[in-house]
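**Student:** here is a sequence with its predicted model. Questions after.
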Amino acid sequence: MTSSFQSAKRKGMRTFITATAILMLLQTAVAPLSGVAAAASSSTDTKVTTASSTTIYKTFQSMLYKKNGLPAADTYLESHIKKVTKHHATLMVLQLENARLKALSAMTDRLLVPNVQDKMIKAYKLNDSFTKLMSRTNDNSLRALLQQARDSGYRLVMLEGSLYPIMNYMAFQKYISYVKPDIKQYINIMAVETSNLAADDGALVIGYQEILNRGLNQERFLNEYPKSNRLQQVKNLMNNYTLYTFYGLNNTPLFDYETNRMTANAQKGYKAVLQRNTSEDSAFLTKLEKFMDIVTEAKFEKTTAVEKWLEQNVPVSDYANY
């Protein structure tokens, strides 16, 4: 493979990851933390004073927006979050997420520099974290860069032959006891996503039951927290999972390209989830149940009737996050 091809490939993947991060950031910026701000006056925290909480909040902000300030701001937040109101704790955690998303593009560019990438790949072993990769290099400048990426809230993944930083939502888990319920659930949802990616190289890499279980958790969030500041992010995520469920991906289509038959594992997985769960309170499962009736009648082939049902009930344009 030529270096120019590798460069183009890396550039394309960087664009994809960066676009995703920016999209999430813009969605947050549309209504900047309005969902949590509205609840400020109803705080029932009694162990901290509003004045002391505000002081910590302002100090955190001054640290967060300094150049390369993410690690220090995170350390400060971890040591002071017990001393602030739930309102301020939620604001700070969301602001930390925003800042990490915003800085992800620059960190990605730094790691994709050919010389840096070559050194990383030479030392890399399957499923390495930034910490493990740091232990395998004697290059001090590379080790410092990897440490900064880790401490800035990112995790390392191999995608299509190159190493990338992505958001590490497990790093937010230490804060979930201090934030509002919707943000706690949001962090849990995103931690699952970034700990075990659903797709790679145009193919699904998790099982069909897992796809449905994640979709159900996302639907539950949308139903329980319709005014959450992170509503749009979870909506977009569920749009993805709806498409995974009813169409698959290019390299793992729900219906085989050659036989036009529904994947056997999907048949088994969907039936198992429908048997374990009631569709009464789930529009997602209700739609899946109707779909399974249609494909069962078609003997699991993608007939004209099945295609028409999909076009009418799950049009791709309604769920694509352009």
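**Tutor:** That came through fine.

**Student:** burial measure for Lys125, as a count.
**Tutor:** Counted with other CB atoms under 10 Å, the neighbours of Lys125 add up to 8. For glycine as for every other residue, the C-beta is placed from the backbone atoms N, C-alpha and C.

**Student:** same thing with the one 3 residues further on?
**Tutor:** By the criterion of other CB under 10 Å, Asp128 has 18 neighbours.

**Student:** same thing with Lys308?
**Tutor:** Lys308, neighbours per other CB under 10 Å, totals 11.

**Student:** what about it, which helix or strand?
**Tutor:** helix 304-313 (DSSP states H and E).

**Student:** show me where the stretch 201-322 of the chain has its helices.
**Tutor:** 208-224, 231-246, 264-276, 283-297, 304-313, 316-319 (DSSP state H, counting those that start in this stretch).

**Student:** which one of the ones you listed lies closest to Leu254?
**Tutor:** helix 264-276 (5.8 Å; CB to CB).

**Student:** pull out the buried residues from the closest one.
**Tutor:** Residues Ala266, Gln267, Gly269, Tyr270, Val273 are the ones in helix 264-276 that count as buried (16 or more other CB atoms under 10 Å).

**Student:** residues making contact with that helix?
**Tutor:** With contact meaning CB atoms under 8 Å, 6 or more residues apart in numbering, helix 264-276 is reached by 207-209, 211-213, 248, 254, 285, 288-289, 292, 300.

**Student:** in PyMOL, how would I select the buried members of those?
**Tutor:** Burial among these is assessed by 16+ other CB under 10 Å; the matching PyMOL selection reads:
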select buried, resi 208+209+211+212+213+248+254+285+288+292+300
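
**Student:** which of the contacts of helix 264-276 lies closest to Asn236?
**Tutor:** Taking the contacts of helix 264-276 together and measuring to Asn236 by CB to CB, the closest member is Ile211, at 15.8 Å.

**Student:** what about this structure, any weak spots by pLDDT?
**Tutor:** For the chain, applying pLDDT under 70 flags the ranges 1-47, 322.

**Student:** for the stretch 51-200 of the chain, just list every one of the helices.
**Tutor:** 70-80, 86-111, 114-123, 130-135, 140-151, 181-195.

**Student:** so what's Asn217 up against?
**Tutor:** Counted by CB under 8 Å, 6+ apart, Asn217 has contacts Ile189, Val192.

**Student:** and it, how close does it get to Glu301?
**Tutor:** Going from Asn217 to Glu301 by CB to CB, to the nearest Å gives 31 Å.

**Student:** bridging residues for the nearest residue to Asp200 once chain neighbours are set aside?
**Tutor:** Spatial nearest neighbour of Asp200, excluding adjacent residues (CB to CB, 6 or more residues apart in numbering): Leu159 at 6.2 Å. Under the criterion DSSP bridges, Leu159 forms beta bridges with Ser162.

**Student:** can you get me a residue count around Leu159?
**Tutor:** Using other CB under 10 Å, Leu159 has 17 other residues around it.

**Student:** that older thread, pick the most deeply packed of the helices of the stretch 51-200 of the chain.
**Tutor:** Ranked by mean neighbour count, those are led by helix 86-111 with a mean of 21 (mean count of other CB atoms under 10 Å).
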